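A.B. asks: quick one, fold the following:
(3 chains)
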Amino acid sequence: MSQATADPRLSGPRTAPRRRMRLSWADPMFRSVVWQIVIVGIVVAIGWYLVRNTTANLAARHIATGFGFLGRVAGIPIGESLIPYNPAADTYGTALLIGVLNTLKVAVIGVVLATILGTLIGIGRLSKNWLLAKLTGFYVETLRDIPLLLQLLFWYTILQGLPGPKQAFHLGNVAFLSNRGLKLPLLDWQPAHTWALLALIGGVIGTVLCNRRASRQQEVTGVRPAVWPVAVGLLVGLPLAVWAALGAPFQLELPELKGFNFQGGGSFSPEYFALMVGLVTYTASYIAEIVRSGIQAIPLGQWEAAGALGLRSGQVLRLTVLPQALRVIIPPMTSQYLNLAKNSSLAVAVGFQDVVSVANTTLNQTGQAIEGIAFIMAVYLSISLSISLFMNWYNARIALVER
Amino acid sequence: MSQTMSLSGPPAIVLDKVNKWYGSLHVLRDVSLTVTEKERVVVCGPSGSGKSTMIRCINRLETHQEGRIIVDGTELTDDLRALDTIRRDVGMVFQSFNLFPHLTILENCTLAPIWVRKMPKGEAEELAMSYLERVKIPEQARKYPGQLSGGQQQRVAIARALCMKPKIMLFDEPTSALDPEMIKEVLDTMIGLADDGMTMLCVTHEMGFARQVAHRVVFMDRGEIVESGPPGELFENPRTDRLKLFLSQILRGH
Amino acid sequence: MSEAVTADHVPTEAREQIKVASLGPWAWLRANLLANAWSTAITLALGYIIVRVLFALISWGIVHAVWTVPYGPTGIADTSVCQNAVGIGACWAILADKYRLILFGRYPYDEQWRPAVVVLLFVGLYIVSGLRRFWRKELALIWVVTLAAVGVLMWGGVLGLSSVSNDNWGGLPLTLILATFGAAFSFPLAVLVALGRRSTTLPAVKLLCVLYVELIRGVPLIAVLFMASVMFPLFMPAGVNVDKLLRAQIAFILFAGAYLAEVVRGGLQALPKGQAEAADALGLNYWQKTAFVVLPQALRLVIPPLVNTFIGFFKDTSLVLIIGLFDLLTMGKVALSDPPWQSFSTEVYLGLAVIYIAFCFAMSKYSRSLERDLNRARGR
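C.D. replies: Numbering: from 1, shown residues only, chains lettered A, B, ... in the order given. Purely as a prediction, here's the structure:
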């Protein structure tokens, strides 16, 4: 055993002593510094030139800079918003906030619906039924060959071609589809409902804790206590109990035909509806392919081996197949979610006021193009950063340990 | 550990107390080795002993953190000019051949002479053909690596390295990735090289080759040189337990 | 998404489908459509829906369709026949009347043979690029010559061709120009950015490349187009007017560069390390190694994803509708703004869809068959 070296655990890993950089082209450090200075210098020079031109142009056109305009009254008419909005009194800041909320409204609901639809279609592609497999295959192929914008315009035209409110399609007289949009009954939200919702969240946390406790007990004794009765109690019984205890209010506001349109109830404008249908069907076709290849990526041998070990098919699915399938599915899936969020910017073509549309109007009215574009980019970069962070966290957590 | 040089002459490769770490893993511990010109040294040892790392340090495919490496009189440091000189004069043959699949055999061999030694194309092609004849596959010159067998590919790799007219040839387990029936043709090529007086440093498990060709065999284990000496002596009379264990495992495997 | 169709990756159901297909037609029906009660129910439900839809489509699209309309003495179409048929029959007459407007935009009527030739040149270019025997250095030359020919034909002013300003360009040639020039000019940028991103010795350059790629990929194409159309005039010194088409083209080049850079980077990562090591051992310097050994192999590895990304760009050109350039989709909308023809959007959109499908489906089929061939050659 060589005694010549000290134990690295004591002194830590060593690297070669840092020599001083020689001013010679043969020194790699010198070369790298020179290259970086040159390239960064060129980029900075171009940037400075553009900035100089921009400030000159802005001054010449008497355009202000900075975000002072956020406090001014906007005067932008906005068709639908999640918070009360008065074009005559509310500021650009409020208008932009509504734009962001509208974008999120499309993105969040769109992601949920597209996932459901895409998963169903993806599973349908793998069906033994030839007709179902071919039909879903045709769906997936065709929708991916047509530009999304064309699809959105098409759906918008179809929606405008629907009959008027007087002859609207209806579902049992509570839901109506017409060329004025989709009208649904709206729950009259009371404090009792807020408490019930909090109870539901508490129930979810409780179920997770109960699951953990059951796993620990299984490790010690080998027997896993049944979790589902507690889960049902916490997720269903608790919120119901809270709701009942606070008076059990359940008042639905139904849309009623008054004159030329419906009043009351929750409404989704034709623009929103067209945008959602187009986005969801388009994204679902990509998600279907992801789900399909995720399931097909699991070799048959996995199913067989798990079965041969005596696991029941539910356990096989939960413990061996699904974890592996999810590893393959989730990364491209989150990338599709990001695409859906970005594609929602096409709302401006069908007249739905998302953040791009509002910001565009703002920058046209104030002339402050730089701030407007910067705002749009900031919003979308935040969305994509959140999704990337989630992706990295998820990948690190589930990464297969390999040699 | 100092080595007894069985040949006299200027040293081709000098490793002086070379140390290397991968993070906190100490992979080369005070390795000191001198290879004289025209000497042929075989390095053997169990996997993970650092033998590949050591010869990859010699042409700077890996960097060492402590100690000195001097190749043909030039010290191996961060200096890029020194590195260029060393890489021109040291040829390497890899375990996985690493032929360029998108170029023909001839183009594989002429690429470096044309662009590094600035040889005219005609001269480079003549040179390449002569080495392809030397490794006995001149007829494959216009084919692509994917069309050749493993043994043929490795022979092309040897010819490709020789086209740079190196003074030293490094071999990193050249036959480990070959099917058994092709090992002989590659070893025969290497023996031919040895007969022509090339300085060779070879990591291999092929003990027969070592016996026939090597002046010296060096046994490495866990990052350090444990024993070294002429092949007959080392294999018949291993002095350390580690070498005895290694030899017994190798012989059982054969 | 590549389908690794090897024996153990094909799920049981698909395998059974293949086996049974070798029996007679009645046995095939039983296995694939009527295997169990659930399957039979689905077959009946889907079959019913498909038959109803097909009947409706054939009735609307063929049987009751209006193919031509009479023209008044001043050349204005009399679309009353079509108007009466709304909801019952398709008005294909609008395509017959407007096809030249939709396909070629406001290009002068007599010179429209030039954009037609341009479309053929592009189609030829795509086909030639797809054939493997052309995958050599000469392909770059073919691209340069073809793109130059496109420019000459569209602009004119030389060789006896009358000059046509690019404000009058539109329709299918504009779509092809935006997509193809965008991809072609962004490719060198993408390669440099991919190499820069993998650099270990130039951290500042790596940071710049990462910022560029993540910034462009994090925002929608519309934002980049707006940035180009609204901010470029501010970037230029006073008096310099940047043409609208050029602004959009630069936006596409920047956008394509970021996405192609990621694809190329994937190829660089997939290349076995031994190739670069062998090049190093032979004494090749960084640029020689990259140009002769690394890039030729890395690019070949990622041709299917490159094609798929290009299909995406081709569809994305439709977004210039929003900034007021007259690509194929915009010309469709322009055609619909003509008062007699306003109610027939469905027919126009279907016609446009057919054109897009023709291009995109062909390219995606090619990409898939190429992927299969490459996987097979690699023994996977």
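A.B. asks: so which residues of the stretch 151-254 of chain B form strands?
C.D. replies: Secondary structure of the stretch 151-254 of chain B (DSSP state E, counting those that start in this stretch): strands at B:168-172, B:199-203, B:216-221, B:224-229.
A.B. asks: let me see the contact set for the residue in the stretch 151-254 of chain B that chain C sits nearest to.
C.D. replies: Residue of the stretch 151-254 of chain B nearest chain C, by CB to the nearest CB: residue B:164 (6.3 Å). Any C-beta I mention is one placed from the backbone N, CA and C, and that applies to glycine too. Taking CB atoms under 8 Å, 6 or more residues apart in numbering or on different chains, we find residue B:164 in contact with B:88, B:91, B:112-113, B:116-117, C:282-283.
A.B. asks: now chain A against chain B: closest residue?
C.D. replies: residue A:26 (4.1 Å).
A.B. asks: and that residue, helix, strand or coil?
C.D. replies: coil (DSSP: H, G, I helix; E, B strand; the rest coil).
A.B. asks: what about the longest helix in chain B?
C.D. replies: Criterion DSSP state H: the longest helix present in chain B is helix B:180-195.
A.B. asks: can you tell me the helix or strand for residue C:31?
C.D. replies: Residue C:31 belongs to helix C:25-32 when assigned by DSSP states H and E.
A.B. asks: picking up where we left off before, any idea which helix or strand carries the closest residue to the residue of chain A closest to chain B other than its chain neighbours?
C.D. replies: If the residues on either side of it in the chain are set aside, residue A:26 comes closest to residue B:81, at 4.1 Å by CB to CB, 6 or more residues apart in numbering or on different chains. Assigned by DSSP H and E, residue B:81 belongs to helix B:80-89.
A.B. asks: in its sheet, what does the helix or strand that comes right after that helix sit against?
C.D. replies: Going down the chain from helix B:80-89, the next helix or strand is strand B:90-93, by DSSP H and E. Using DSSP bridges, the strands paired with strand B:90-93 are strand B:168-172 (parallel).
A.B. asks: next one: the partner strand to chain centre, how far?
C.D. replies: Remark: strand B:168-172 is offset 2 Å from the chain centroid, using CA atoms, centre = their mean, to the nearest Å.
A.B. asks: where does the stretch 1-150 of chain A have low pLDDT?
C.D. replies: Low-confidence segments of the stretch 1-150 of chain A, defined by pLDDT under 70: A:1-20.
A.B. asks: can you pull out the strands in it?
C.D. replies: Counting by DSSP E, counting those that start in this stretch, the stretch 1-150 of chain A contains no strands.
A.B. asks: same check, this time on the stretch 251-400 of chain A
C.D. replies: A:252-253, A:256-258, A:261-263, A:266-268.
A.B. asks: mind telling me what element residue C:128 is part of?
C.D. replies: Residue C:128 belongs to helix C:113-130 when elements are defined using DSSP H and E.
A.B. asks: in that helix, what counts as buried?
C.D. replies: The neighbour-count check on helix C:113-130 (16 or more other CB atoms under 10 Å in any protein chain shown) flags C:114-116, C:118-119, C:121-122, C:125-126, C:130 as buried.
A.B. asks: how about stretch B:11-26?
C.D. replies: Residues of stretch B:11-26 classed as buried: B:11-15, B:18-21, B:26 (neighbour count, 16+ other CB under 10 Å).
A.B. asks: out of these, which sit inside strands?
C.D. replies: Of the positions in the buried residues of stretch B:11-26, B:11-15, B:18-21, B:26 sit in strands, assigned by DSSP state E.
A.B. asks: distance to residue A:239 added to these, as a markdown table?
C.D. replies: Shown next, in a markdown table, are these (distance: CB to CB, whole Å):
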| residue | distance to residue A:239 |
| --- | --- |
| B:11 | 83 |
| B:12 | 82 |
| B:13 | 77 |
| B:14 | 79 |
| B:15 | 74 |
| B:18 | 70 |
| B:19 | 66 |
| B:20 | 63 |
| B:21 | 59 |
| B:26 | 60 |
